[in-house]
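sequence first, predicted coordinates after that:
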Amino acid sequence: MGKKIVIVGGVAGGATAAARLRRLDETSHIVVFEKGEYISFANCGLPYYIGETITNRNDLLVQTVEGMSKRFNLDIRPLNEVTKINRDQKSVQVKNIRTGELYEEAYDTLILSPGAIPIHPSIPGIEKAVNVFTLRNIPDTDRIKTFVDEMKPQKAAVIGGGFIGIEMAENLHQRGVEVTLIEMANQIMAPLDFEMASILHNHLKDKGVQLLLGDGVRSFEENGRKIRLAGGKEIETDMTLLSIGVRPESQLAKDAGLVLGERGGIKVNEYLQTSDPSIYAIGDAIEVTDYINGNPAMIPLAWPANRQGRIAANNIYGKNELYSGTLGTSIAKVFDYTVATAGNNEKTLKRYGIPYQAIHIHPGSHAGYYPGASPIALKLLFDPDNGKILGIQGVGMEGVDKRIDVVATAIKGGLTVYDLPELELAYAPPYSSAKDPVNMLGYVASNISDRMVEIVQWHEIDEIVQNGGILVDVRSEAEWEMGYIKGSINIPLDELRERLAELPKDKVIHVSCQVGLRGYLAARILMEHGYQAKNLDGGWKTYSSVYGTNANITCG
Ligand SMILES: Cc1cc2nc3c(=O)[nH]c(=O)nc-3n(C[C@H](O)[C@H](O)[C@H](O)COP(=O)(O)OP(=O)(O)OC[C@H]3O[C@@H](n4cnc5c(N)ncnc54)[C@H](O)[C@@H]3O)c2cc1C
């Protein structure tokens, strides 16, 4: 008889670990406890079933208890909740939810993959609100979908602008519901920096979502039909989705005396063992190490849960595999846009005092002359001393996913920004350009490191101009007239050489254009003629995504 392995939680991490364990050993007894009715369902697909992009509910059930039990010879027990871990006896106490019966199950090794639960704050009036939902699993999904189908709400409030909130805002909007999105921070999608999130703020407003930033819920009134915000606003709503984040489901571990991190995640070592070596923990419930900055972090995503499930199983069979940390690569659809990130953002790097250089570019998703190209806003953060890539953010309508994935791969492969121009990526006009946006990131970063150009950022330029700095906008006159930075003067790039005499040599000349490329050319011309020049990184496009514009969007 082989090992007896007990798993708590039968969805992303738990189901992955169970299947891998079986592939490693035919003789073990593997018991999977799941307190819910379903195992291995597609959490990530839930919002799209509510929005009816996914129309068949069964498609959400990736594996059934019967199917998975048979294929992997598992002892899967849905509707059985593990209520206690008896570490001394190496057993768990289990409650059969159908019958209420309590029983013990012994283990040689225990894997905890209990996930994370939506935060449900004790806001005044919330207990009386009959129309407030959270979304984690199939029963939550059924409740929300039935409410939308039957009650036909006209207005919905989504509280929290993270992944689930944004996905639900879009899916409720798709069902014809008028959505108000309330977010306490000054931006949605925390993995992005503010200027990148601003592109999405503008898009959400264009799509008719009422976006309320920098405000939080003070109380629910009239059984949830009215929400009063801290800033004094009142919102009428037929339903509310609370999506203000999740917290690790770590009570079981805590009660068993396992060590937890500051934010309540279960602490594990590089082999994913808890403070008790016969208990492993994986997924949303654990504290991970941030792959970039090495600090503890909570990053509740499906890739880490799946990867950790496999590694824990391998380690139970003596493979000594290390989990190298979480990069937090993530992606979401926000109406017509895709937003994706990997690594650290500027806010995080600042918080940890890590030196960085930021660059913004806006290349086309594919060759401009082939129909259908759209711009991608990309922001890269790197260490100016050694070119180490620290983070990437992308927002655009097409081709964002592959650029972020290439850079995420580069990070894990230990490549620097100087290696990015060397990446020989697939090209034909419908897909990319001969210089792919990822190559361009490498060129721009290398130019800065080689001191071919110095840059200033979108949040610095106003102050520079207000303090008497010179800003030359080198776009065409027509582009300039559509919108420009206050205090700038317009000298189109192609006239610059003839009009150099208009510019003083004893002051820094700041240059800007639409996306930063013509500004770079202008800066080079100026520098070659003995001027000091600095280019506005990301150009008018990055600047105006924050400060607003009616300007046309052009590339170049
Ligand atoms: C709506 C939604 C959309 C998402 N979209 C994405 C996405 O697009 N991309 C992405 O990367 N991630 C996404 N996620 C996050 C992703 O689903 C999680 O990171 C992943 O499922 C975590 O895996 P896990 O095994 O840790 O927890 P889970 O998959 O949540 O599984 C934990 C299971 O453990 C069970 N359990 C808990 N305690 C006990 C107990 N004591 N006894 C028995 N069973 C117990 C729970 O009932 C639960 O079913 C989404 C999540 C949600 C809710």
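Perfect, I can see it now. Residues are numbered from 1 along each chain as shown.

those residues of the stretch 301-450 of the chain touching the ligand, which are they?
Residues of the stretch 301-450 of the chain lying close to the ligand by C-beta under 6 Å from any ligand atom are 301-303, 305. C-beta coordinates here come from the backbone N, C-alpha and C atoms, glycine included.

again, only using 8 Å
Proximity of the stretch 301-450 of the chain to the ligand (C-beta under 8 Å from any ligand atom) is limited to residues 301-306, 309, 330-332.

check the stretch 51-200 of the chain too.
For the stretch 51-200 of the chain, the contact set with the ligand under C-beta under 8 Å from any ligand atom comprises 80-83, 94, 113-116, 118, 135-137, 141, 163-164, 167-168.

ok, residue 542 touching residue 195?
Yes. If you go by C-beta atoms under 8 Å, residue 542 and residue 195 touch, sitting 5.8 Å apart.

state the distance from the closest residue to the ligand within the chain to residue 251.
Distances between the chain and the ligand by C-beta to the nearest ligand atom are smallest at residue 283, namely 2.1 Å. Look at residue 283 and residue 251: by C-beta to C-beta, to the nearest Å, they are 15 Å apart.

so which residue is dead centre in this structure?
Most central in the chain under C-alpha atoms, centre = their mean is residue 330, positioned 4.2 Å from the mean C-alpha point.

where does that one land on pLDDT?
You'll see residue 330 listed with a pLDDT of 98.

the residue of the chain positioned farthest from its centre: what secondary structure?
Computed with C-alpha atoms, centre = their mean, the maximum C-alpha offset from the centroid of the chain is found at residue 501, amounting to 48.3 Å. Assigned with DSSP: H, G, I helix; E, B strand; the rest coil, residue 501 falls in the helix class.

rewinding a little: contacts only, for the residue nearest to the centre of the chain.
Neighbouring residues of residue 330 by C-beta atoms under 8 Å, 6 or more residues apart in numbering: 163, 191, 301, 340-342.

what segments of the stretch 451-556 of the chain are strands?
Secondary structure of the stretch 451-556 of the chain (DSSP state E, counting those that start in this stretch): strands at 454-456, 470-473, 489-490, 508-512, 532-536.

mind listing which of the residues of the stretch 301-450 of the chain next to the ligand are in helices?
302-306, 309 (DSSP state H).

okay, and residue 39 sits in which element?
According to DSSP states H and E, residue 39 maps onto no helix or strand at all.

need the contact list for it.
10-11, 14-15, 32, 63-65, 68, 76, 78.

cool, residue 323 as well?
268, 270-272, 288, 307-308, 311.

give me that answer again for 6 Å
Residue 323 makes contacts with 270, 272, 308, 311, as judged by C-beta atoms under 6 Å, 6 or more residues apart in numbering.

ok, and the most crowded of the residues you listed?
With neighbours defined as other C-beta atoms under 10 Å, the most crowded of the contacts of residue 323 is residue 272; it has 28 neighbours.

wait, doesn't that residue sit right on residue 285?
No. Using C-beta atoms under 6 Å, residue 272 is not in contact with residue 285; the gap is 11.4 Å.

circling back: pull the most distant pair out of the contacts of residue 323.
270 and 308 (11.1 Å; C-beta to C-beta).

flag the shaky bits of the stretch 401-550 of the chain, pLDDT-wise.
Applying pLDDT under 70 to the stretch 401-550 of the chain picks out residues 549-550.

can you show me the strands along the stretch 251-400 of the chain?
279-281, 288-289, 296-297, 330-334, 337-343, 357-361, 376-382, 389-396.

residue 523 is nearest to which of those strands?
Going by C-beta to C-beta, the one of these nearest residue 523 is strand 357-361, 14.0 Å.

how distant is that closest one from the center of its chain?
Taking the mean of its C-alpha atoms, strand 357-361 sits 19 Å from the chain's own mean (C-alpha atoms, centre = their mean, to the nearest Å).

contacts for that strand, please.
346, 378-382, 384, 440, 444-445, 537-538, 542.

give the contact list for residue 287.
261, 265, 267, 296.
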